[in-house]
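Q: Got a predicted structure here, sequence first:
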Amino acid sequence: MVGKVPDPLLIYAGCPVEEFFFHRIKAGRPILVPGSGQQVTQLGHVKDLASAFTAVLGNSKAHNQIYNISGERYVTFDGIAKACAEAAGAKEPELVHFNPKSVDTGGKKAFPLRDQHFFTSIDKAIDDLDWRPEFSLLDGLKDSYSKDFGRGTFRKEADFSVDDLVLSKV
């Protein structure tokens, strides 16, 4: 199907990770966070990705180059959960830290991000493409919530079965 471009959402390796947090926040459930929750990562908004793609077109500096496209700021896993709650207009969520190696989830993910630091510099894209992200983390989350999740538009229905399994072992 020639698809309609989805409403804005945040991306992380192509996955709308904010949905994981929004489902739990809406349901008033705790959010499971691996380890200390201090792992550092970054998210980007799909509109910022699209504007970077556009900046590549016809740009001789971009020929045969690879660019990291994301937001400008880094954030911890705990910080993402708290920012999602703020974006949704909800109270700060309860965070439950767990050791992912201590619970057999049958191969299902208990958290949407890799349990490690994962961030990159976007300086090359800024310099070569004359590009800069428009959305801060919080602005991107608010945009995603208001245009997608908050209107009932999301990719997957909530499934808390892995959460319940982990919570029973913590």
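A: That came through, no problem.
Q: rest of the way, CA atoms for contacts and neighbours
A: Will do.
Q: pLDDT weak spots in this protein?
A: In the predicted model, the chain carries pLDDT under 70 at residues 1-16.
Q: same thing but 90
A: Along the chain, the parts satisfying pLDDT under 90 run over 1-17, 46, 107, 109, 113-120, 147-158, 169-170.
Q: residue ranges of the strands in it, please?
A: Ranges of strands in the chain, per DSSP state E, are 10-11, 31-34, 40-41, 44-45, 75-76, 95-98.
Q: and the second one, what does it pack onto?
A: Strand 31-34 makes packing contacts with helix 18-26, helix 77-88, strand 95-98 when contacts are defined by 3 or more CA pairs under 8 Å, 6 or more residues apart in numbering; DSSP states H and E.
Q: make it 6 Å
A: Here strand 31-34 touches strand 95-98, going by 3 or more CA pairs under 6 Å, 6 or more residues apart in numbering; DSSP states H and E.
Q: What strands flank the strand it packs on, and is each parallel or antiparallel?
A: In the sheet, strand 95-98 lines up against strand 31-34 (parallel) (DSSP bridges).
Q: Export the strand it pairs with to CSV, keeping only CA atoms.
A: Only the C-alpha atoms of strand 31-34 are listed here, as CSV (Å, rounded to 0.1, in the frame of the first residue of the first chain):
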residue,chain,number,x,y,z
ILE,A,31,7.4,1.7,34.2
LEU,A,32,10.0,-1.0,34.2
VAL,A,33,13.5,0.3,33.6
PRO,A,34,16.6,-1.9,33.3
